[in-house]
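Participant: Fold the following.
(chains A and B)
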Amino acid sequence: MIAILQWTTLAVCALAAVARVPSALRGENRSLFAVYLLLTVAILLSIDAPYVAIDQALGGLNLANVVLRFIVFGAIFALGLRIARGFGAEDALRFLTGPVGIAVAAAASVAVVVSFLMMDTAGSSAGLVEVHAKSARNAVLVEYYGAAGRLYPAYVMLALLPAMLRTVGSRLPGLVRVGAALLAVGSVAITLSLLFPVIPASLAYLRFVINYTAILCIIVGLATFWLSKALAMRTREMETDATG
Amino acid sequence: MPLPAKAFQLWLHGVAPTASTADICRISGIKRTTLAQQLVRGKVSESTLVSISRALKRSPLDDLASFDSFAGLAEQPQPPTPAELVSQIATMDLLRAVISRSSPAYGGFGDSSSSLTPPLSAAPHATSVRNWVDAIDDGELRHRVSAATGVAPQNYSAQLTANRLSPELAVATSRAAGVGFTGGLVATGLLTEAEAGWTPAAKQAALDALSDGELTALAGERLQSLGRTLRRQEHEHEQTQKIWENLG
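Facilitator: Got it, this is the predicted structure:
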């Protein structure tokens, strides 16, 4: 089940990235293309087989996991900027680029690096599962490491959530509101990931469900904006008709 | 509540005993699937009845009145008030009347109804429902309608904003305001003015009866609310463009 979810998410994300190549070549929204690309790599690195293959090439010290964290940070930051600008959310933009946002990003980065350096990280293992199992000390460090990695994305998406909900409740075109709703669901899911440490082991699959739901919702939500734009360009039905 | 399917079929059998469903659909321009669906659900919309009645060259008003929920519609017909008539004049026609009454120096004819002014367009217009309710509202109308029908005020307002009103609510509104039943049915476009029994010149006469001051103030109000609507649409358009620019 989980494997299906993982590979589906990867396929959807890769497809979205490929579909954006032409517009990226035309120079439209290149940063969004970069976001898709980074997310594709991130998903690839979160799946067992590709992770082990890539990490082995990097020396088998689970460096790939650190790379994954920073790819996610970068993608989320770029995406957050786009969403904040798109939704005209000045407040959210301040939360991202202001001193608080920088401080949270820095704190999360430092925490990721420090906890990683303190672990015994030999032996490639996606999600650091085997590293976690090595010793009690490692187990605690992996929890901190994971929490730090989830902190920044949750912060960004939480800062954007009000703007998304405003758009959902607005009178903008239906597909735009659907896209905003999907982003909002993704944001809530990412925020829920902060609760991972209190999810009992028997419900561990919930972690996967929440993670991949979040990514899928965000990717499909973005694609929905794109679709609504493409449809509107085709029909050009944005003219007002209240003058009748 | 639309018309019950049983009563509708009884009516249909009474007015067109030999016609098949296919015939009815063909002459009235209703899609067969639409009618079938309404019959299966047990609720036939009033507009279906009106289309069929029209196609059979009958009086849609009388046919509507033959149903329980619209009983009393055609009895003691109460003509529309002048305010209701004026509310069914499109904003652009009101503005044209303002110009028409102005002096020739500003492109007018200096009188109230010149033969050179184009005839008024037929109701309904883009904001006819809200304008109609505003025309008969004494300030408490919405509360009375809401109390009588159980429809929440915000849902009622939402329908007005969308220039829609279900026939039941339109009739309930007329009843609560103490005006004739036809005003709402014309404003929502269910019936034409002629079908409602309005005389062809009624709207023009009501318009001509307005003093220059009344007409100008009314046109001004309409123009202001049109301006608000357009501004809101423009704002939403800008927001959408921004989302598409950044995320599309």
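Participant: For the rest of this, base every contact and every neighbour count on C-alpha atoms.
Facilitator: Fine.
Participant: Counting residues, which helix of the chain comes out longest?
Facilitator: This is for chain A. helix A:136-168 (DSSP state H).
Participant: I was after chain B.
Facilitator: Longest helix in chain B, counting residues (DSSP H): helix B:212-247.
Participant: Next up, phi/psi of residue B:3, please.
Facilitator: phi -80, psi 140 (degrees, to the nearest 10).
Participant: Tell me the bridge partners for it.
Facilitator: For residue B:3, the beta-bridge partners are residue B:44 (DSSP bridges).
Participant: burial measure for residue 198, as a count.
Facilitator: Reading this off chain A. Per other C-alpha atoms under 10 Å in any protein chain shown, the neighbour tally for residue A:198 reads 7.
Participant: try chain B instead
Facilitator: Neighbourhood size, residue B:198 [other C-alpha under 10 Å]: 17.
Participant: Could you verify that it is part of a helix?
Facilitator: No. Counting by DSSP: H, G, I helix; E, B strand; the rest coil, residue B:198 is not found in a helix; it is coil.
Participant: Now do the phi/psi pair for it.
Facilitator: According to degrees, to the nearest 10, the main-chain angles of residue B:198 amount to phi -80, psi 140.
Participant: Would you quantify the distance from it to residue B:184?
Facilitator: Residue B:198 sits 13 Å away from residue B:184 when distances are taken as C-alpha to C-alpha, to the nearest Å.
Participant: any residues touching stretch A:46-63, and which ones?
Facilitator: A:6, A:44-45, A:64, A:68, A:121-128 (C-alpha atoms under 8 Å, 6 or more residues apart in numbering or on different chains).
Participant: again, only using 7 Å
Facilitator: Here stretch A:46-63 makes contact (C-alpha atoms under 7 Å, 6 or more residues apart in numbering or on different chains) with A:6, A:44-45, A:64, A:121-127.
Participant: Now residue 7: which helix or strand?
Facilitator: Looking at chain A here, since you left the chain open. Under the criterion of DSSP states H and E, residue A:7 resides in helix A:2-19.
Participant: should've been chain B
Facilitator: According to DSSP H and E, residue B:7 maps onto helix B:5-15.
Participant: which strands and helices sit next to the helix or strand following that helix?
Facilitator: Heading C-terminal from helix B:5-15, the first helix or strand you meet, by DSSP H and E, is helix B:21-28. Helix B:21-28 is packed against helix B:46-55, with contacts defined by 3 or more C-alpha pairs under 7 Å, 6 or more residues apart in numbering or on different chains; DSSP states H and E.
Participant: For the helix it packs on, what does the pLDDT average out to?
Facilitator: In this model, helix B:46-55 carries a mean pLDDT of 92.
Participant: Check which helices and strands it sits against.
Facilitator: helix B:21-28, helix B:60-65.
Participant: tilt between that helix and helix B:21-28?
Facilitator: Taking axes from the mean of the first three to the mean of the last three C-alpha atoms, to 10 degrees, helix B:46-55 and helix B:21-28 form an angle of 80 degrees between their directions.
Participant: outside of helix B:46-55, which residues touch it?
Facilitator: With contact meaning C-alpha under 7 Å, 6+ apart, helix B:46-55 is reached by B:2-3, B:24, B:27-28, B:59-60, B:190.
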